[in-house]
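>>> okay, predicted coordinates and the sequence, questions at the end:
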Amino acid sequence: MDRKVRGEIRSFMRGLVRRNPGEKEFHQAVREVIETLMPYVLENPKYKHAQILERMTEPDRIIIFRVTWEDDNGEIRANRGWRVQFNNSIGPYKGGLRFHQDVNLSVLKFLGFEQVFKNALTGLPMGGAKGGSNFNPKGKSDREVMRFCHSLMIELHRHIGESTDVPAGDIGVGGREISYMFGQYKRMENRWAGILTGKGISYGGSLIRTEATGYGCVYFMQRMLERTGDGLAGKLCSVSGSGNVALYAVEKLLHLDAKVVTVSDSGGFIHDPDGFDAEKLAWLKDLKEVRRGRISEYADHVPNATYHAGERPWSVPVELAFPCATQNEIDGDDAALLVKNGLRALAEGANMPSNLEAINTFLDAKVLFGPAKAANAGGVAVSGLEQAQNAQRLAWSREEVDRRLQEIMTQIHEKCVTYGESENGFVNYVKGANLAGFIKVADAMLSYGVV
Ligand code: NDP
Ligand code: 2IT
């Protein structure tokens, strides 16, 4: 990178940090994008002249509100709710809601910012947004979760709509929470509309939406490997997390004959050297989706498996890795260890699971690195397909949705290759995803004039 580019990046980041003090996750997400985009922006003065990077890093608006609810003991609780409507240049705002005790504005701004690029990559008309609350759903009864979701929607309902903003799930928000929120919206507005995605199948949800992020991530990995004449069958894999994305990544890896030996949660990780199979996965799904238990219980259930409290799975030697839990779960040391142990490729199921040092370590080692914006776009893509089905008052078959999901992941992969391939044939998928997403959104913004 030449001095002029480095200087521009430094000065841009100085301004961004000054305007958004203390928001370290947001700074990190922007830095990654700016570092890959700046050379292109300097070569194409129309973007610089229009201050497009400054505009794209400023959300259209942020809504912050109080969510008051009553727990099972009759105590009054107050949480904070947010919706960051980041950019709707190419379609209505779209992106998940996260319920987790660590949610703050910085986290939601990083997620909203990345969502803009990710949604553009899907090829569907969707802008980017993110929202959620610092509500901790762990240990809460169904009734408490219901009262919280109903209360949140009392405020959120006035800011969303099928052509305005369509939220969905993320960490801590799955089918149960979406249903409570959807029911409250319908009762308040007296209209049925596709204002959330990830709904139950009997009331407008799309088949494959539950599976889409995990399946899509594995399809993306498949495309990266195929381009180098390789495949998934027989590959040794680690997966982190044991939520929605992780479990369906494991499921698709098993369908495609890979061997998966780890899953995790915030307490630690499980290593099953024999690998998961359909029966063990069904047990895991029941543990996490029905009983809402902890992953440590798996080691009591499966004799050869071990539980490693307080650790992440990256010390286990594997060829392929799928971080599917949360942001910054792979640091530079984890990345170096994975590379040393023979890692060949990694696809990010979670958003920003690798920190900047880790990304650079992978790229320097010529690991095939599928960044979140591309590799986990299958979830929001099928959300887009759910919106399309709702608008047509139709429901497509499993096969139809899965076919479209695979097609979308193939096209995203092709866009990354177009914009990220270097002369020696190595594809920098980070650069490819950022550039392809950027050009689509930036050109839409330019055509609107000064907005
Ligand atoms: P879930 O709530 O279903 O699962 C989250 C998993 O990650 C759980 O195993 C959880 O463990 C673990 N986890 C959460 N926070 C932490 C933490 N701070 N440290 C360690 N582990 C943690 O969420 P999803 O599977 O939906 O989301 C996982 C990731 O995928 C997120 O980054 C999300 O943004 C991203 N994503 C999700 C999409 C979707 O469609 N759902 C689409 C695209 C990306 P525990 O139970 O102990 O908290
Ligand atoms: O990060 C993501 O892409 C999601 N949580 C899914 C968003 C969506 O609208 O389906």
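Nice, I can see it. These figures come from a predicted structure and were not determined experimentally. Ligands and ions are numbered 1, 2, ... in the order given.
>>> please count neighbours and contacts with C-alpha atoms only from this point.
Noted.
>>> other SSEs contacting the longest strand belonging to the chain?
Taking DSSP state E as the criterion, the chain has its longest strand at strand 76-87. Judged by 3 or more Cα pairs under 8 Å, 6 or more residues apart in numbering; DSSP states H and E, strand 76-87 is in contact with strand 61-70, strand 93-99, helix 105-121, strand 128-133.
>>> what would the ones you listed look like in a markdown table with distance to Ile34?
Below are the helices and strands packed on strand 76-87 laid out as a markdown table (distance: least, Cα to Cα, whole Å):
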| stretch | distance to Ile34 |
| --- | --- |
| strand 61-70 | 21 |
| strand 93-99 | 22 |
| helix 105-121 | 12 |
| strand 128-133 | 18 |
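>>> quick one: closest of these to Leu196.
strand 93-99 (9.2 Å; Cα to Cα).
>>> which strands and helices lie in contact with the closest one?
Strand 93-99 packs on strand 76-87, helix 105-121, strand 128-133, strand 165-168, going by 3+ Cα pairs under 8 Å, 6+ apart.
>>> for the stretch 251-400 of the chain, which residues are neighbours of ligand 2?
Within reach of ligand 2 by Cα under 6 Å from any ligand atom, the stretch 251-400 of the chain has these residues: Ala377, Gly379, Val380, Ser383.
>>> I'd like to know which of the residues you listed are part of strands.
Using DSSP E, none of those sit in strands.
>>> show me which of these neighbour ligand 1.
Gly379.
>>> and of the residues of the stretch 251-400 of the chain next to ligand 2, the nearest to ligand 1?
Ligand 1 lies nearest to Gly379 out of those, by Cα to the nearest ligand atom, at 4.5 Å.
>>> show me the contacts for the residue of the stretch 1-150 of the chain found nearest ligand 2.
The stretch 1-150 of the chain approaches ligand 2 most closely through Gly95 (3.6 Å), counting by Cα to the nearest ligand atom. Listed by Cα atoms under 8 Å, 6 or more residues apart in numbering, the contact set of Gly95 reads Gly112, Gln115, Gly128, Ala129, Lys130, Gly131, Val166, Pro167, Ala168, Gly169, Val380.
>>> from Thr228, how far out is it?
32 Å (Cα to Cα, to the nearest Å).
>>> now do Glu297
Following Cα to Cα, the distance that separates Glu297 from Thr228 is 39 Å.
>>> re the thing from before, so what touches the longest strand of the chain?
Against strand 76-87 from outside (Cα under 8 Å, 6+ apart): 56, 58-71, 93, 105, 108-109, 112-113, 116, 127-135, 152, 165.
>>> same question for stretch 439-451.
Taking Cα under 8 Å, 6+ apart as the rule, stretch 439-451 contacts Tyr47, Ala50, Ile52, Met56, Ser89, Ile90, Val116, Phe117, Ala120.
>>> for the fourth one, list the residues it contacts.
Looking back up the chat, that one is Met56. Contacts of Met56 (Cα under 8 Å, 6+ apart): Asn87, Ala442.
>>> gap between it and Ala442?
8 Å.
>>> from the chain's centroid, how far away is the host helix or strand of Leu337?
Using DSSP states H and E, Leu337 falls within helix 332-340. Centre-to-centre, helix 332-340 and its host chain are 22 Å apart (Cα atoms, centre = their mean, to the nearest Å).
>>> quick one: buried residues of it?
Gly332, Asp334, Ala335, Ala336, Leu338, Val339 (16 or more other Cα atoms under 10 Å).
>>> what does it rub up against?
314-318, 355-359, 361-362, 365, 367.
>>> the residues you listed, buried ones only, as a ChimeraX selection?
Selecting the buried subset of the contacts of helix 332-340 in ChimeraX, with 16+ other Cα under 10 Å as the burial test, is done by:
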select :314,316,317,318,355,356,358,359,361,362,367
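>>> just put the contacts of helix 332-340 in a markdown table and tack on pLDDT, secondary structure and distance to Gly175.
Shown next, in a markdown table, are these (pLDDT from 0 to 100; DSSP: H, G, I helix; E, B strand; the rest coil; distance: Cα to Cα, whole Å):
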| residue | pLDDT | secondary structure | distance to Gly175 |
| --- | --- | --- | --- |
| Trp314 | 98 | helix | 30 |
| Ser315 | 98 | helix | 33 |
| Val316 | 98 | coil | 32 |
| Pro317 | 98 | coil | 34 |
| Val318 | 98 | coil | 32 |
| Asn355 | 98 | coil | 30 |
| Leu356 | 98 | helix | 33 |
| Glu357 | 98 | helix | 35 |
| Ala358 | 98 | helix | 33 |
| Ile359 | 98 | helix | 32 |
| Thr361 | 98 | helix | 37 |
| Phe362 | 98 | helix | 35 |
| Ala365 | 98 | coil | 39 |
| Val367 | 98 | coil | 35 |
